[in-house]
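Asker: My questions concern the predicted model and sequence given below.
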Number of protein chains: 2
Amino acid sequence: MTSNRLNLPGIPPIDAAAQDLARARQATLTKPPGSLGRLEELSAQLAGIQGTPHPSVARRAVIVMAADHGVAEEGVSAYPQEVTRQMVANFLHGGAAINVLARQAGARVTVINIGVRGPLPLAGDALEEHKPVTGFDRRIAAGTANMTREPAMSRGQAEASICVGLEAVGLETSQGLDVLATGDMGIANTTASAAIAAAITGRPVAEVTGRGTGVEGAAFARKVRTVELALEVNHPDPRDGIDVLSKVGGLEIGGLVGVILGAAAKRIPVVLDGFISGAAALIACALRPEARAYLIASHRSAEAGHRAVLEYLGLEPLLDLRLRLGEGTGAVLALQLLEAAVRTLREMATFAEANVTGGQT
Amino acid sequence: MTSNRLNLPGIPPIDAAAQDLARARQATLTKPPGSLGRLEELSAQLAGIQGTPHPSVARRAVIVMAADHGVAEEGVSAYPQEVTRQMVANFLHGGAAINVLARQAGARVTVINIGVRGPLPLAGDALEEHKPVTGFDRRIAAGTANMTREPAMSRGQAEASICVGLEAVGLETSQGLDVLATGDMGIANTTASAAIAAAITGRPVAEVTGRGTGVEGAAFARKVRTVELALEVNHPDPRDGIDVLSKVGGLEIGGLVGVILGAAAKRIPVVLDGFISGAAALIACALRPEARAYLIASHRSAEAGHRAVLEYLGLEPLLDLRLRLGEGTGAVLALQLLEAAVRTLREMATFAEANVTGGQT
């Protein structure tokens, strides 16, 4: 287990020369220049991140951080808190959406219990016909405290959660890794993410609070008020990412902060899922602005605050399918688009090779 | 070769019972209801189309119709007309974007020369390490006539082009087929498609004419004027799809009309590529409005007129990646999303199976 004394890794700048080489190759391929749209930009970004004009996304993993939230007792979710634990068990048995979509995408699934309440079997207990899932127990606490009354966690716990994420990246890279997707599970974590988004982007709480798993009417008004109260009680300092994370964040969000920073430090592209991963990215970039260049926004979530998060980070999502499930589902769906970007860059014939007129452009 | 006396197949209504069963199963799966967004709708649409609550998209093909356009002599493209022929050769050698993306998607590629100028080798001559491409020679004419001076083709040629599409679907289904993607190649075919879009949707030519392969400035103004002239000279009747197709269409567009109608008749979902496939869909739905329910819009093209086409057809695209390449590239990219829709419907655990609280919603 990593020490919880926070020692953030340095993040290198992306490789502009590799990025330029990828762009130059795109211009020689048998298509009108720019006609593959965002796939062309994506291929260049991946080249810059990986430091090679021949980027690869062959070895893939999604890390799903799971934790509970004390603020759930305010009635901010359509589901009871025990669903966090039940869904982690579902992940480990291969029955959740993230399992299905990760199998399709050829991505390993690593589930980390960083703060789930109640007992969890974390042996790799996946169904035989399915790609195995790995579970790790790195529980820092049995969920956070209720942030409407006190800080969600101590500064030390927040730092420890980031260390778990850094460690998780190390475990993945030791197995071989080209691209990493982020995922989350935690009943009430859209409430924590809304508080983070309001604190860091400065947008009004009502604008960044969404329906989560499906809260409506009076329950939604209560959720907005809960976020406002958490901010009033805790006064998180937006210039201090650890302060925001500890006061109004969550253990799984801290874990994802570590995943993002750890991957960026190793030049591994990070494919962000939706609102919770976006909240983690806000904190990661508050701590290390250089991490921003390593981020790829997989999709725009139906969750209201995600738009503000993406705008603040300057990220344009690849997909917009009204997803609002979390778990990393949007992130693994987008892996196919990264593969398309890489494969067209690598496999398409050039104008010269194919004897097609017009390659001078 | 099919007779060119047009005998359009009947198109059955989609199976509402199968669609409802798919929706009912979605509500039992371990996720908040609706949280997989468009994937849930898509799974229900596929169930309705295929007439089973367990739809499949395992066996996939993309049909790429290729033809030349007499209107190319008006200077409406950034590329010379010979590029149509050169790119078809590129398809047959496996070097084009459609080859790369179809290999990734596990889709067969069938290229049909329905009206390319100049000689073409159409033997299956693909690179050995790559998925083979099948080429068919069904050439009706060496390109269309210049529609600014006369009809692009005769009514008989237009009907024959539709028959080629119907035949192509038969060839594909005889090999086993669950889903069909549409693709095109033809220098100047965004000009023909703009004329079709203006004729059928009633939108102004300037609104539905785009940059195509990359025309700018005076060349773009000339392209708009060319489309206007073609409509003035020919007066296509928007209530008569064959009239529009023959006067301002193209042979590959007619081929795709047949592909759409033939697939719908056999309850096979049709994944439309961009603007040219959309123009074919306008004509197909003018001929057989029932075909509309079998269409899936893969993406919103960067080509200006595509938005008007999708709005007219009432189709919401799955992807928006600023693609403007054609060939079927957007359509095969979207196949992964269809697979995700089908796999989540089939493979996810239910609330009851996974012992997760909350399935009553």
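Answerer: Nice, I can see it.
Asker: Quick check: phi and psi on the closest residue to A:Asp68 other than its chain neighbours?
Answerer: For A:Asp68, ignoring the flanking residues on the chain, the nearest one in space by C-beta to C-beta, 6 or more residues apart in numbering or on different chains is A:Gly143 at 3.2 Å. In this view, the C-beta of every residue, glycine as well, is placed from N, C-alpha and C. Reported as degrees, to the nearest 10, the phi and psi values for A:Gly143 are phi 90, psi 170.
Asker: Could you measure from A:Gly143 over to chain B?
Answerer: Distance, A:Gly143 to chain B, by C-beta to the nearest C-beta, to the nearest Å: 17 Å.
Asker: partners of the least confident helix or strand in chain A by mean pLDDT, with directions?
Answerer: Least confident helix or strand, chain A: strand A:133-137 with a mean of 92, by mean pLDDT, DSSP states H and E. Using DSSP bridges, the strands paired with strand A:133-137 in its sheet are strand A:107-115 (parallel).
Asker: Next one, pLDDT for A:Asp125 please.
Answerer: You'll see A:Asp125 listed with a pLDDT of 45.
Asker: To clarify, my last question referred to A:Gly212.
Answerer: On pLDDT, A:Gly212 comes in at 89.
Asker: who are the neighbours of the helix or strand hosting A:Val227, in terms of helices and strands?
Answerer: Counting by DSSP states H and E, the element that carries A:Val227 is helix A:217-234. Applying 3 or more C-beta pairs under 8 Å, 6 or more residues apart in numbering or on different chains; DSSP states H and E, one finds that helix A:217-234 makes contact with helix A:189-201, helix A:205-208, helix A:241-248.
Asker: Tell me which of those helices lies nearest to A:Arg225.
Answerer: helix A:205-208 (8.6 Å; C-beta to C-beta).
Asker: Keeping just the C-alphas, turn the closest one into PDB.
Answerer: What follows is helix A:205-208 as a C-alpha-only set of coordinates in PDB (Å, rounded to 0.1, in the frame of the first residue of the first chain):
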ATOM      1  CA  VAL A 205     -25.300  25.000  -7.900                       C
ATOM      2  CA  ALA A 206     -28.700  24.800  -9.600                       C
ATOM      3  CA  GLU A 207     -26.900  24.800 -13.000                       C
ATOM      4  CA  VAL A 208     -24.500  21.900 -12.200                       C
END
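Asker: Can you list the low-confidence ranges for the stretch 251-361 of chain A?
Answerer: Counting by pLDDT under 70, the stretch 251-361 of chain A has low-confidence residues at A:359-361.
Asker: can you give me the helices in it?
Answerer: When assigned using DSSP state H, counting those that start in this stretch, the helices of the stretch 251-361 of chain A occupy the ranges A:251-265, A:275-287, A:306-313, A:329-347, A:351-354.
Asker: Tell me how far the longest one lies from the chain's centre.
Answerer: Here helix A:329-347 is found 17 Å from its chain centre; the criterion is C-alpha atoms, centre = their mean, to the nearest Å.
Asker: what's the angle from that helix to helix A:275-287?
Answerer: What separates the directions of helix A:329-347 and helix A:275-287 is an angle of 70 degrees, with axes from the mean of the first three to the mean of the last three C-alpha atoms, to 10 degrees.
Asker: Tell me if stretch A:82-101 is near chain B.
Answerer: Yes. Legend: contact between stretch A:82-101 and chain B by C-beta under 8 Å from any C-beta of the partner chain is shown at A:82-83, A:86-87, A:89-90, A:93, A:95-97, A:99-101.
Asker: any chance of those residues in a markdown table, plus neighbour count?
Answerer: As requested, the residues of stretch A:82-101 next to chain B are arranged in a markdown table below (neighbours: other C-beta atoms under 10 Å in any protein chain shown):
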| residue | neighbour count |
| --- | --- |
| A:Glu82 | 17 |
| A:Val83 | 24 |
| A:Gln86 | 22 |
| A:Met87 | 29 |
| A:Ala89 | 21 |
| A:Asn90 | 27 |
| A:His93 | 19 |
| A:Gly95 | 24 |
| A:Ala96 | 34 |
| A:Ala97 | 29 |
| A:Asn99 | 30 |
| A:Val100 | 24 |
| A:Leu101 | 32 |
